[in-house]
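**Student:** quick one, what's the 3D model for this:
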Amino acid sequence: MSRELLNDAAIVLHRIFSNENIKYGIFGGHAISAFGGVRVTKDIDVLASVSKDELLKLVTKEHGFDALTQARDDYVAFLYAEKAALKFQVLVEVFCVKFKDSQYTMDDISTTAIPIRGLYHGPGLASFLDPPYLFKGKLHAAATRSKLYDAADLRALVARYKDDIASHTNTMNIKDIGLAIKRHPELVFLFRQLDIDINKAERAARFFNPNEIKQPIAAGAIQSGLLS
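**Tutor:** Below you'll find the predicted structure:
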């Protein structure tokens, strides 16, 4: 998927959320790329301070977004396409912060507006979660699935933003660190660079079998991984 096509979707989404003063941040592979990483991705992951109902009222076919049917109340997946290129669809997954029994907000979460360029919309802006939160999101991903690019993304973030990430290690889920080590043993060396207590992490995850973690992840799990 062309990075410029992904940027088009991000630019339009930024306009919608900015007009409504809604805080949001892109995370995942597209964010890694925006912060200087070499990353190919086919979709956009978004954390937004909205409810599902609010989201569906704001992000509509009028803007090029077609919502896919979802039973969950913390998440909506959209297919975005430009009218001039309907066959090129971008998957945009939005994780809502406002849902029943939600325990977190985005009030204290830092984001950065980064200039990007779309294929059809030209220059524009999009908001991205800052590197420590991208790291937390990738850490949760590495703990819950066995995809090599999750470990690669963690290494890329530390290579560029080590000091910033290291200053946030006290907010990271120690069990996620232990599970990530079980799936990706080579990450031990990365976590040591951040002065993380490896023994503590391994103890926290010792009774958990990564192979028993089933997809899809429970409602609110992605938000918790980023915000807790």
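**Student:** and the strands in the chain?
**Tutor:** 24-27, 43-48, 65-67, 75-82, 85-96, 111-118, 122-129 (DSSP state E).
**Student:** quick one: buried residues of the fourth one?
**Tutor:** Along strand 75-82, the positions that meet the burial threshold by neighbour count (16 or more other Cβ atoms under 10 Å) are 75-76, 78, 80-82. C-beta coordinates here come from the backbone N, C-alpha and C atoms, glycine included.
**Student:** and of those, the nearest to V97?
**Tutor:** Closest approach to V97 among the buried residues of strand 75-82 (Cβ to Cβ): Y75, at 11.0 Å.
**Student:** got the contact list for the closest residue in space to that closest one that isn't next to it in sequence?
**Tutor:** Spatially, and ignoring its direct neighbours in sequence, Y75 is nearest to F95 (5.5 Å; Cβ to Cβ, 6 or more residues apart in numbering). For F95, the contacting residues are 45-48, 74-75, 222-223, by Cβ atoms under 8 Å, 6 or more residues apart in numbering.
**Student:** can you pull the contacts of A34?
**Tutor:** A34 neighbours (Cβ under 8 Å, 6+ apart): 26, 114, 116, 126, 128.
**Student:** filter the residues you listed to the buried ones?
**Tutor:** Using 16+ other Cβ under 10 Å, the buried ones in these are 26, 116, 126, 128.
**Student:** including distance to T171 and pLDDT, could those residues go into JSON lines?
**Tutor:** Formatted as JSON lines, the buried ones among the contacts of A34 follow (distance: Cβ to Cβ, whole Å; pLDDT from 0 to 100):
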{"residue": "I26", "distance to T171": "20", "pLDDT": "98"}
{"residue": "I116", "distance to T171": "28", "pLDDT": "97"}
{"residue": "A126", "distance to T171": "24", "pLDDT": "98"}
{"residue": "F128", "distance to T171": "18", "pLDDT": "98"}
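**Student:** tell me the two of the contacts of F95 that are most distant?
**Tutor:** Top of the distance list for those (Cβ to Cβ): D45 and D74, 13.4 Å.
**Student:** what is the residue positioned nearest the centre of the chain paired to in the beta sheet?
**Tutor:** The residue lying closest to the centre of the chain (Cα atoms, centre = their mean) is F27, at 3.0 Å. Beta-bridge partners for F27, by DSSP bridges, are D45.
**Student:** am I right that it is in contact with A48?
**Tutor:** No. Here F27 lies out of contact with A48, judged by Cβ atoms under 8 Å, at a distance of 10.9 Å.
**Student:** quick one: residues contacting P123.
**Tutor:** 115-117.
**Student:** repeat that for A166.
**Tutor:** 193-195.
**Student:** let's see it at 10 Å
**Tutor:** By Cβ atoms under 10 Å, 6 or more residues apart in numbering, A166 lies in contact with 132, 135, 158, 193-196.
**Student:** look at it and report its pLDDT.
**Tutor:** Looking at A166, its pLDDT reads 97.
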